[in-house]
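K.L.:
would you be able to build a 3D model of this:
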Amino acid sequence: MLDSNSNRLAHCTTIIDLAKVLSEQSSLQLEYTSLILVTDGHMTLFMNGHEEHIIFGHVMMVKKGSNIQLSNTYHPDFSGYIIGFHIYDTSMQTLSDYSVDTWAGYNVQKVPEIVVADTRIAIAEVMEQPNVTMKQFILYNLLKELKQERPSEDYTLEQRLERTVIYMQQKYAHMITREKLAAIAGYSPAYYSRQFNRLYQRTPIDYLIRYRIFRAQEMLLATGDLSKNIAKKVGFDDAQYFNRQFKRIVGRPPKQFKQFISDYRMCFLSSAHAEIAIALGVIPHSVTVVKSLMPQYQQDLFQQHRVTLLEIPQYVLQKDMIVQQQPDLIIGDQLTEDMKQQLRTTASVITRLPQDLNTVIQAFGEWFNKRGQARQLVQDLTEQVDALKNNIQKHIESDSTVLHLRVEESGYRYVGKSSSESASLLYNELGLQMPEIFRTNERGFNTCSLEQLEEANPTYLFVEKRIMDYYSADLSLSKLQASQQWANLDAVKNQRVFYVDTGLWINNCSAFGKRKIIQQIEQAVLHGV
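P.N.:
Model (predicted):
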């Protein structure tokens, strides 16, 4: 990225654990031009006032002075680092800041998994023992992966047409003409229309109408607003014309859409959400799954209901695989804006779902006209939790403590009491106590040293050896079990250590999975199995 000027050298000034900083303060202003590398999970942030969802493998180039804030959506498995740097001009012998030439003050790109893995290991070494050479390796290893924008005259025909699609998606509520789109592409209106129809199998205006209808479907579900109001919000001045186009594309008029929504082909981007739909009597057509994180009960459940499984790598959503299923509705969680726009070329996309299990169940009950079933499901889960809570209170000491310890490739983290559905079950619903020294940060998956673990000395210890597609936690687990701190733990001495599964405890504490976890807690705490 800097090779075009041999006199300019990048110098790494600082490496900061972003997750740790944001767990201690809600906002951060960058002192240097920085790279932000996401090494695990995903997170929604406000970057200079713009909402941005970033995922594993994303690298952001962010200008000096930028403001980073947490959004209301918190993802506890997120891990990322800020790599601050400045530029040294050897000919002028002066320092300067790298120019980030975007209107938002940042840009986002994806780098290969192997680059993330190598960089994460290098960062772990630097954080443990600062080393200038290693810091420079980290910085240049990322810089060389970043691509600079092409001049507009270098765009291919496909890229020029894609620019008009992006424009339609951003400005769909406004008046858009074929002439305006052709001008953006740099072609005559007739030539633009022919090439667009060849590439997208429909005219530009029909593409725009379909996109508007997809957005209208989302609003009908998410807001409950009147269809005539939604028609205006998505760019239709004539409500009757909107109704005709809606029926042509969806198969039913807007007023009947929610009433028959369970009849549509639905693709779920979360196996946990697909579980809820099945529990309510709504069968998904397809669901994306990470095979290594899929419990056996869930595989049997989906097979029983003939749900098509779309196997994807961890943190990688493969659009083409979803498009091939020809869904009418795509239901996800947090998606990058780019991925949402790509999926909206195929169907409407429902995202930003509630984080709390009971709230999601109730939301699905509203959407799928299954309100009674949703209330019953929440009541059944609540009764099962209450029954276990009563048994626990009768059988264990009141001062007993419980810890969920996550073993990762480069160390250990403890799971905060409100950071996941299973953690909330342990601490909030069942009333079990976390060791006192770990009660400060409830929402995150927080760094835990062996010394801190020994000081915490939990009565019961649930150990999760992290499962990920691109690394192994075996060495960290061996190191833990061979340590003197481990041998000193009361939970170890009293055989109260229980091993739990990432796929169940972190990813699928849902309509069926939660019952499995309740059974495992009962066996562990009450029966020592």
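K.L.:
pLDDT of the helix or strand encompassing L377, averaged?
P.N.:
For L377, the element it lies in under DSSP states H and E is helix 371-395. Across helix 371-395, the average pLDDT comes to 95.
K.L.:
can you give me the helices in the stretch 301-450 of the chain?
P.N.:
Applying DSSP state H, counting those that start in this stretch to the stretch 301-450 of the chain gives helices spanning 319-324, 337-343, 357-367, 371-395, 421-424, 450-456.
K.L.:
nearest to F246, of those?
P.N.:
Proximity to F246 (C-beta to C-beta) singles out helix 357-367 among these, at 17.5 Å. C-beta coordinates here come from the backbone N, C-alpha and C atoms, glycine included.
K.L.:
quick check: E464 vs S510, distance?
P.N.:
E464 sits 17 Å away from S510, going by C-beta to C-beta, to the nearest Å.
K.L.:
for the helix holding L377, name the packing helices and strands.
P.N.:
Applying 3 or more C-beta pairs under 8 Å, 6 or more residues apart in numbering; DSSP states H and E, we find helix 371-395 packed against helix 271-279, helix 357-367, helix 513-527.
K.L.:
give the buried residues for the longest one.
P.N.:
Meaning helix 513-527. By neighbour count on 16 or more other C-beta atoms under 10 Å, the buried set for helix 513-527 is 513-518, 520-522, 524-525.
K.L.:
next SSE after the helix or strand bottoming out on mean pLDDT in the chain?
P.N.:
Lowest by mean pLDDT, DSSP states H and E among the helices and strands of the chain is strand 94-96, with a mean of 64. Note on strand 94-96: by DSSP H and E, the next helix or strand toward the C-terminus is strand 106-110.
K.L.:
distance from that following strand to the middle of the chain?
P.N.:
16 Å (C-alpha atoms, centre = their mean, to the nearest Å).
K.L.:
again with stretch 270-288
P.N.:
How far stretch 270-288 lies from its chain's middle: 18 Å, per C-alpha atoms, centre = their mean.
K.L.:
dump the C-alpha coordinates for that stretch into CSV.
P.N.:
Only the C-alpha atoms of stretch 270-288 are listed here, as CSV (Å, rounded to 0.1, in the frame of the first residue of the first chain):
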residue,chain,number,x,y,z
SER,A,270,-29.1,-19.0,12.4
SER,A,271,-29.8,-22.6,13.5
ALA,A,272,-30.9,-21.3,16.9
HIS,A,273,-33.6,-19.2,15.2
ALA,A,274,-34.6,-22.1,13.0
GLU,A,275,-35.2,-24.2,16.2
ILE,A,276,-37.6,-21.6,17.5
ALA,A,277,-39.6,-21.6,14.2
ILE,A,278,-39.9,-25.4,14.3
ALA,A,279,-41.0,-25.3,18.0
LEU,A,280,-43.8,-22.9,16.9
GLY,A,281,-44.9,-25.2,14.1
VAL,A,282,-43.3,-23.2,11.3
ILE,A,283,-40.9,-25.3,9.2
PRO,A,284,-38.0,-23.5,7.5
HIS,A,285,-37.2,-24.4,3.9
SER,A,286,-33.4,-24.1,4.6
VAL,A,287,-30.9,-23.0,7.3
THR,A,288,-27.2,-22.2,7.2
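K.L.:
and it, which residues are buried?
P.N.:
270-280, 282, 284-288.
K.L.:
before we move on, what about stretch 164-183?
P.N.:
Buried, per 16+ other C-beta under 10 Å, within stretch 164-183: 164-165, 167-169, 172, 176, 178, 180-182.
K.L.:
ok, so of those, who is nearest E455?
P.N.:
For the buried residues of stretch 164-183, the nearest to E455 is Q169 (52.4 Å; C-beta to C-beta).
K.L.:
which ones are touching T502?
P.N.:
T502 makes contact with 293, 464-467 under the criterion C-beta atoms under 8 Å, 6 or more residues apart in numbering.
K.L.:
neighbours around the residue lying closest to it once chain neighbours are set aside, how many?
P.N.:
Leaving out its chain neighbours, the residue that sits closest to T502 by C-beta to C-beta, 6 or more residues apart in numbering is I467, at 4.2 Å. For I467, the neighbour count with other C-beta atoms under 10 Å is 17.
K.L.:
ok, now K479?
P.N.:
14.
K.L.:
can you check R443 too?
P.N.:
By other C-beta under 10 Å, 16 other residues sit near R443.
K.L.:
surely it and E24 touch.
P.N.:
No - here R443 lies out of contact with E24, judged by C-beta atoms under 8 Å, at a distance of 11.6 Å.
K.L.:
got the angle between the helix holding L377 and helix 513-527?
P.N.:
With axes from the mean of the first three to the mean of the last three C-alpha atoms, to 10 degrees as the basis, helix 371-395 and helix 513-527 are set at 10 degrees to each other.
K.L.:
which parts of helix 371-395 are buried?
P.N.:
Quick answer for helix 371-395 (16+ other C-beta under 10 Å): 373-374, 377-378, 381, 385, 388, 392.
K.L.:
quick check, nearest of those residues to I437?
P.N.:
The closest of the buried residues of helix 371-395, once distances to I437 are taken by C-beta to C-beta, is I392, at 22.5 Å.
K.L.:
how near is the closest one to I506?
P.N.:
22 Å.
K.L.:
so I87: helix, strand or coil?
P.N.:
Taken by DSSP: H, G, I helix; E, B strand; the rest coil, the conformation at I87 corresponds to strand.
K.L.:
check it and give its pLDDT.
P.N.:
pLDDT, I87: 84.
K.L.:
let the chain start at 16 from now.
P.N.:
Yes, from this point I'll number from 16; that puts the last item at I102.
K.L.:
which neighbouring elements make contact with the helix or strand encompassing M58?
P.N.:
Assigned by DSSP H and E, M58 belongs to strand 57-62. Using 3+ C-beta pairs under 8 Å, 6+ apart, the elements in contact with strand 57-62 are strand 65-70, strand 82-85.
K.L.:
just send these back as JSON lines, with mean pLDDT too.
P.N.:
Converted to JSON lines, the helices and strands packed on strand 57-62 look like this (pLDDT from 0 to 100):
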{"stretch": "strand 65-70", "mean pLDDT": "83"}
{"stretch": "strand 82-85", "mean pLDDT": "86"}
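K.L.:
for I228, find the nearest of those.
P.N.:
Per C-beta to C-beta, nearest to I228 of these: strand 65-70, 24.3 Å.
K.L.:
D343: what's it in contact with?
P.N.:
Contacts of D343 by C-beta under 8 Å, 6+ apart are 265, 279-281, 362-363.
K.L.:
nearest spatial neighbour of it, skipping sequence neighbours?
P.N.:
Y279 (3.8 Å).
K.L.:
swap in E128?
P.N.:
Here the nearest residue to E128 in space, its sequence neighbours aside, is Y485; by C-beta to C-beta, 6+ apart that works out to 5.0 Å.
K.L.:
tally of neighbours for that neighbour?
P.N.:
15.
K.L.:
go on, I327?
P.N.:
Around I327 there are 17 residues (other C-beta under 10 Å).
K.L.:
if I read this right, it contacts T303, doesn't it?
P.N.:
Yes - if you go by C-beta under 8 Å, I327 and T303 touch, sitting 5.1 Å apart.
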